[in-house]
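A.B. asks: coords please:
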Amino acid sequence: MRYQPREKTDIPISRLMIKLEKGYTKLMQKILPHKVIAALFAVILLAGSFLLCTQLEFELMPSVDEGTISVKVETRPGLKTEELDKTLKKLEDLVVSNPDVERYLLSTGAQSLGANSSISATLTAYLKDDRIHSTKETVAQWQQATVNMEGCAVSVSSSSSTDMMMGGSGIDVALQGNDFNLLRETADQVAEMMRNVPGILKAASSASGGGVQGELLIYPIKAAAVGFTPAQISSSVRSVMSGVETAILSMDGQDYTLWVEYPQGRYQAVNNIKGITLTSPIGKSVPLTDVASLVYSDSPQTLTRKNGAYQVTITADPTDAAKSSA
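C.D. replies: Numbering: from 1, shown residues only. Purely as a prediction, here's the structure:
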């Protein structure tokens, strides 16, 4: 038995298509006899189709919602382990409180060794298959929740094979100059301008954020009034903090250097350094705070030179909506 399908002409969509067909037929009957008008009409339709294409969102390799979110935490150098633990607990509470999270994995490790060492942490969250919100929506929520975390930089992004092949979607602006202080001020201004742009979550400069450093600012006039020179004050503070070599002891043909220093950790706190008392050349005891003061400033994350000039990079993290509209 052969099927003999019949078109249903009584439904609304069929009636609409019939009207469009009749209208198109009448239009073609009027245009086709006139070659110039027909050619012009075809060009207009072609230009209109190209115009419509500019309004469409497209990408070479569309991202796939695999339900995996990567959260990276980079701490400032010198951050105490206790403070890092508090930050990670806040991050874990944020992840655990989300009903769409099935499980997560958190790992930490040191990025470098030495005085400027910092600790990084990576949290990978796996969402449920029957989740309420999409991965993109959850990423946007976590980005807003972590944008103001202190003492660290937190980046939240969806993790998929497509994202790994396509690379990052951040915005980088490079500045170059010979005066580092002026370059740092300009970079901070650019970062502030980028933060005020709608769709930008945060912006940071490589010229700052490397950690807080303390500087001893010595007042030459006040030092001279009590018989000191700035070099003597600097040397005295260094001797107090690191010790001083007093003598060389020879014993059994072996030479031993004798150092006199305070107990370890005595002057690691800033308040203890402020309490140092110096003895001037004229024998007068002078508190360090009478001739100097401690000031704080941000040290650069990295110091880069290109063709003999300093280079600073400002990095901004846009929202997913801003990425798709760019």
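A.B. asks: next structured bit after the one helix or strand in the chain whose mean pLDDT sits lowest?
C.D. replies: Lowest on mean pLDDT, DSSP states H and E among the helices and strands of the chain sits helix 161-166, with a mean of 52. Per DSSP states H and E, the first helix or strand lying C-terminal to helix 161-166 is strand 171-177.
A.B. asks: List the buried residues for that next one?
C.D. replies: 171, 175 (16 or more other C-beta atoms under 10 Å). The way it works is simple: take the backbone N, C-alpha and C, and place the C-beta from them, glycine included.
A.B. asks: So which bits of the helix or strand following it are buried?
C.D. replies: Once the chain leaves strand 171-177, the next helix or strand it forms, by DSSP H and E, is helix 180-195. Neighbour-count burial for helix 180-195, counted by 16+ other C-beta under 10 Å, picks out 183-184, 186-188, 190-191, 194.
A.B. asks: which one of those sits closest to Val226?
C.D. replies: Nearest to Val226 among the buried residues of helix 180-195, counting by C-beta to C-beta, is Arg184 at 34.9 Å.
A.B. asks: Quick one: residues contacting the most centrally placed residue in the chain.
C.D. replies: Nearest to the mean C-alpha position of the chain, counting by C-alpha atoms, centre = their mean, stands Ala153 at 5.4 Å. Neighbour list for Ala153: 73-74, 202, 204, 209 [criterion: C-beta atoms under 8 Å, 6 or more residues apart in numbering].
A.B. asks: Does it have any beta-bridge partners, and if so which?
C.D. replies: Under DSSP bridges, the beta-bridge partners of Ala153 are Glu74.
A.B. asks: now it: how far from Thr87?
C.D. replies: 11 Å (C-beta to C-beta, to the nearest Å).
A.B. asks: Repeat that for Pro287.
C.D. replies: 37 Å.
A.B. asks: quick one: which of these two has more around it?
C.D. replies: Thr87 (19 against 12; other C-beta atoms under 10 Å).
A.B. asks: The residue nearest to the more buried one when sequence neighbours are not counted: neighbour count?
C.D. replies: Once flanking residues are discounted, Thr87 sits nearest to Cys152: 5.7 Å by C-beta to C-beta, 6 or more residues apart in numbering. Number of residues near Cys152 (other C-beta under 10 Å) recorded here: 22.
A.B. asks: Make sure Cys152 is actually in contact with Thr75.
C.D. replies: Yes - with contact defined as C-beta atoms under 8 Å, Cys152 reaches Thr75; the gap is 4.6 Å.
A.B. asks: Determine the residues that are contacts of both of these two.
C.D. replies: By C-beta under 8 Å, 6+ apart, the residues touching both Cys152 and Thr75 are 84, 87.
A.B. asks: Ile221: which element?
C.D. replies: Using DSSP H and E, the element containing Ile221 is helix 220-225.
A.B. asks: Mind checking the pLDDT average for that helix?
C.D. replies: Average pLDDT, helix 220-225: 86.
A.B. asks: And stretch 135-154, by the same measure?
C.D. replies: Mean predicted confidence for stretch 135-154 is 81.
A.B. asks: So what would you say the end-to-end distance of it is?
C.D. replies: 18 Å (C-alpha to C-alpha, to the nearest Å).
A.B. asks: Can you tell me which of the buried residues of helix 180-195 is closest to Pro230?
C.D. replies: Once C-beta to C-beta is applied, the member of those that ends up nearest Pro230 is Arg184, at 25.2 Å.
A.B. asks: I figured the closest one hits Val190, correct?
C.D. replies: No - counting by C-beta under 8 Å, Arg184 does not reach Val190; the two are 10.8 Å apart.
A.B. asks: overlap in contacts of the two?
C.D. replies: Ser205.
A.B. asks: pLDDT weak spots in this structure?
C.D. replies: The chain contains residues with pLDDT under 70 at 1-3, 57-64, 76-80, 109-118, 151, 160-170, 208-214, 268-270, 296-303, 319-326.
A.B. asks: Strands of that one, residue ranges please.
C.D. replies: Chain-ordered strands for the chain, with DSSP state E as the definition, fall at 68-75, 101-110, 119-127, 152-158, 171-177, 200-205, 211-218, 244-251, 254-260, 277-279, 285-287, 292-299, 304-306, 309-318.
A.B. asks: Need the ones you listed in TSV (columns: distance to Gln144).
C.D. replies: TSV is the format used below for the strands of the chain (distance: least, C-beta to C-beta, whole Å):
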stretch	distance to Gln144
strand 68-75	13
strand 101-110	17
strand 119-127	16
strand 152-158	9
strand 171-177	18
strand 200-205	8
strand 211-218	26
strand 244-251	54
strand 254-260	54
strand 277-279	50
strand 285-287	48
strand 292-299	25
strand 304-306	31
strand 309-318	12
